[in-house]
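> the sequence and its predicted three-dimensional model are supplied below.
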Amino acid sequence: MLRRCFCSSTIVLFIVFASACTTPAERDIAEPDLAAARSAVSGVLDALHHNASLADEEPYFALFATNAVFLGTDGTERWTVDEFRGYVHPYFDRGQGWTYTLREGRRKIEFDATGSVAWFDEVLDNDNYGECRGTGVLELVDGQWKIAQYNLTIPIPNALANDVVAMIHGAMPQ
């Protein structure tokens with residue numbers, strides 16, 4: 001009995017001691033409210049698609065982190081925010097945006113342990129491309145979620161992959 005009590009007391013003391021040895025920052029990190037964070041991240045992605053459809057350049061780019069990267073559907077499309085803005089500006093300037101509509105229930109959002117980094121995947125529909133997939137990463141910057149990376153792809157069914165690869169190889173300069 002005494003031994004069991006001693007072991008329990010030792011464990012409790014160890015936990016108290018270990019807690020006291022952590023830094024204040026480690027102790028102060030609260031469990032993130034994932035429902036609210038998920039809603040906020042989803043709101044940023046909804047705003048991204050909404051602003052793109054309206055060709056509304058300033059609010060569209062305000063959603064990106066300063067060091068963000070946008071990966072487009074073409075293998076050559078890897079843009080910093082400034083490069084992407086340069087590409088987008090002529091279209092948005094003449095009021096030409098693009099519309100990607102989220103399929104209901106087809107967005108998944110996950111978070112790191114701190115609740116300050118989120119990654120997502122979403123299924124979108126576009127009049128020209130049909131089904132598309134957006135994936136990426138957002139980071140919490142000064143209390144606001146910012147897109148750090150967005151990757152837009154056109155999923156290719158496995159049954160068509162060999163034919164598509166052959167077409168891509170045929171289109172590439174030798």
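Cool, got the structure. Numbering: from 1, shown residues only.
> state the distance from D163 to E131.
Here the criterion is Cβ to Cβ, to the nearest Å. By it, D163 lies 18 Å from E131. Heads up, the C-betas are built off the backbone N, CA and C, glycines and all.
> the two: which is more packed in?
Residue environment comparison for D163 versus E131 gives the larger neighbour count to E131, 13 against 10, counting by other Cβ atoms under 10 Å.
> so what's the more buried one bridging to?
Residues in a beta bridge with E131, per DSSP bridges, are D125.
> that one contacts R106, doesn't it?
No - in this structure, E131 sits apart from R106 without contact. The criterion is Cβ atoms under 8 Å, and the distance is 9.8 Å.
> mind checking the SS state of T135?
Put simply, T135 is strand when judged by DSSP: H, G, I helix; E, B strand; the rest coil.
> pLDDT wise, what is the spatially most central residue of the chain at?
In the chain, the residue lying closest to the centroid (Cα atoms, centre = their mean) is V137, at 2.7 Å. Here, the pLDDT recorded for V137 equals 98.
> isn't it right up against W119?
Yes - contact status for V137 versus W119: in contact at 5.0 Å, counting by Cβ under 8 Å.
> spit out the residues that contact E131 and R106 alike.
Shared between the contact lists of E131 and R106 (criterion: Cβ atoms under 8 Å, 6 or more residues apart in numbering) are residues V123.
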